[in-house]
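Q: turn this into a model:
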Amino acid sequence: MINATLAELLDYVRSRSPYYRERLPANANAELSELPFTTKDDLATHSTGFLAVPEHEIRDYASTSGTLGEPVYFGLTANDLLRLAENECQSFRISGASAGDVIQLMVTMDKLFMAGLAYFLGIQQLGATAIRTGPGNPMHQLEVMLKFKTTVIVAIPSFIIRLIQVARDRNINLADTAVKSIICIGEPIRNTDFSLNELGKSIVSEWPVNLHSTYASTEMATAFTECEYGCGGHLNPELLLLEVIGEDNLPVQSGETGEVVVTPLGIEGQPLIRYRTGDLCAVHYNKCLCGRDTPRLGPVIGRKQQMIKFKGTTLFPSALFDVLATEHIPLYQVQVHRDPLGNDDLKIALPAGLEGNTTIDYLRSAFRSRLRVTPDFVFMAEEQLQLLVNQPDKRKPERVVFFQ
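A: The predicted structure is shown next:
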């Protein structure tokens, strides 16, 4: 039997979405696995066809980051914003946050960034206090953190490394702050076995806090957040139907890796059916130590479109990031040049001060031992590299760039 919630969604998109009115089979009893996939190319090509409400009902616009192409824009209705608040409120609760917490948002709320808005709305619904410091400016972050006794931080984990460095330089003992947990977005802090990766270990070695991984995207308007046991982000089944599929487009088994496919529930503005994220994660169906029995997603191994083929080895940017974190290199950019045959030339841009440093010898050795390949290094002035990585018109650091 078809899931009643899915049946309601199918009725909605058939009557309201121009794109799905043409694409979906007429059979009202179609199972989820029988429905066609929706892809990033579909969104880019038919963007206006996905809008299921009149434009005057849109209350906010969000967009994807455009990491792999042009950004896609999403219109949210008033009810979509309420749903977004509920999603993030539940995510905060999963992480252990509650009313009375002081939550510092070190992420942007502008530039059409859905996550920043979602976290703010979720904090309001949770009954906690939001401090909207935004990204960057570590000294200001520390001053605000101490003044308002921040208990929870939402941030990109590599920025936390910078925060730790500035605190050390200013003789600020982070262990004496009120911060108890950090919700990490945008970058992985765990390996596939849920142990902390080098980035995660670098944080907790300097700051005794609980780290929580998250996984989300603008397209799904839903977040997977880790509980206190740190063994995968929990699904909220009321907000999303989850599939994780292999190369044969069939579901993978518990503990296996596949592509994440999502069908968000309860969205009015631009609902999606079986959206292929391109993200590769392991899915876990066994009961969590916290008692929840909802499916969990492990850390994103990589995106299909970001798979690198270099000197006979296949790898993802996250593997390169982890090696760089091992040598405590906070500023870098992975540059991948693709030829017409699909082969990649791999370079890593580093600050000029590292050229000829023994750190580079250790780095080459680490790449050889862990990944069996050694990329080329290019060196440039730190100010120039900062501008490449932290572009003012971008919402996230440009850690990897693909050139055709």
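Q: mind checking how far Val334 is from Val283?
A: Separation of Val334 from Val283 (C-beta to C-beta, to the nearest Å): 27 Å. The way it works is simple: take the backbone N, C-alpha and C, and place the C-beta from them, glycine included.
Q: same drill for those two, tell me which one is more crowded.
A: Val283 (23 against 20; other C-beta atoms under 10 Å).
Q: now do the SS call for the nearest residue to that one once chain neighbours are set aside.
A: Closest residue in space to Val283, ignoring its immediate chain neighbours: Val244 at 4.0 Å, by C-beta to C-beta, 6 or more residues apart in numbering. At Val244 the chain is in strand, as set by DSSP: H, G, I helix; E, B strand; the rest coil.
Q: give me every residue that touches Val244.
A: By C-beta atoms under 8 Å, 6 or more residues apart in numbering, Val244 lies in contact with 251-252, 256-261, 281-283, 297.
Q: same list (those residues) but as JSON lines, adding pLDDT and distance to Asn343.
A: JSON lines is the format used below for these (pLDDT from 0 to 100; distance: C-beta to C-beta, whole Å):
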{"residue": "Pro251", "pLDDT": "97", "distance to Asn343": "32"}
{"residue": "Val252", "pLDDT": "97", "distance to Asn343": "29"}
{"residue": "Glu256", "pLDDT": "96", "distance to Asn343": "29"}
{"residue": "Thr257", "pLDDT": "94", "distance to Asn343": "24"}
{"residue": "Gly258", "pLDDT": "95", "distance to Asn343": "26"}
{"residue": "Glu259", "pLDDT": "96", "distance to Asn343": "23"}
{"residue": "Val260", "pLDDT": "97", "distance to Asn343": "27"}
{"residue": "Val261", "pLDDT": "98", "distance to Asn343": "29"}
{"residue": "Cys281", "pLDDT": "95", "distance to Asn343": "27"}
{"residue": "Ala282", "pLDDT": "96", "distance to Asn343": "28"}
{"residue": "Val283", "pLDDT": "98", "distance to Asn343": "31"}
{"residue": "Leu297", "pLDDT": "98", "distance to Asn343": "31"}
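Q: run through the bridge partners of the residue nearest to Val283.
A: Val260 (DSSP bridges).
Q: any idea of the pLDDT on it?
A: Model confidence at Val244, given as pLDDT, is 98.
Q: which stretches of the stretch 51-200 of the chain have low pLDDT?
A: In the predicted model, the stretch 51-200 of the chain carries pLDDT under 70 at residues 66-69.
Q: rerun at 90
A: 64-72, 109-111, 136, 158, 186-188, 198-199 (pLDDT under 90).
Q: same deal with the stretch 301-404 of the chain?
A: 301-331, 336-346, 353-376, 382, 386-387, 389-404.
Q: cutoff 70 now
A: 341-342.
Q: where do the helices sit along it?
A: Applying DSSP state H, counting those that start in this stretch to the stretch 301-404 of the chain gives helices spanning 317-326, 358-371, 382-389.
Q: please name the bridge partners of the closest residue to Gln404 other than its chain neighbours.
A: Nearest residue to Gln404 in three dimensions, chain neighbours excluded: Arg338, at 5.4 Å (C-beta to C-beta, 6+ apart). Beta-bridge pairing for Arg338 (DSSP bridges): Asp344.
Q: ok, the one 10 residues further on next?
A: On the basis of DSSP bridges, Ile348 is bridged to Val334, Phe377.
Q: that one contacts Thr374, doesn't it?
A: No. Ile348 is beyond contact range of Thr374, at 9.9 Å (criterion: C-beta atoms under 8 Å).
Q: surely Ile161 meets Lys201?
A: No. The pair Ile161 / Lys201 is not scored as a contact, 11.0 Å apart, by C-beta under 8 Å.
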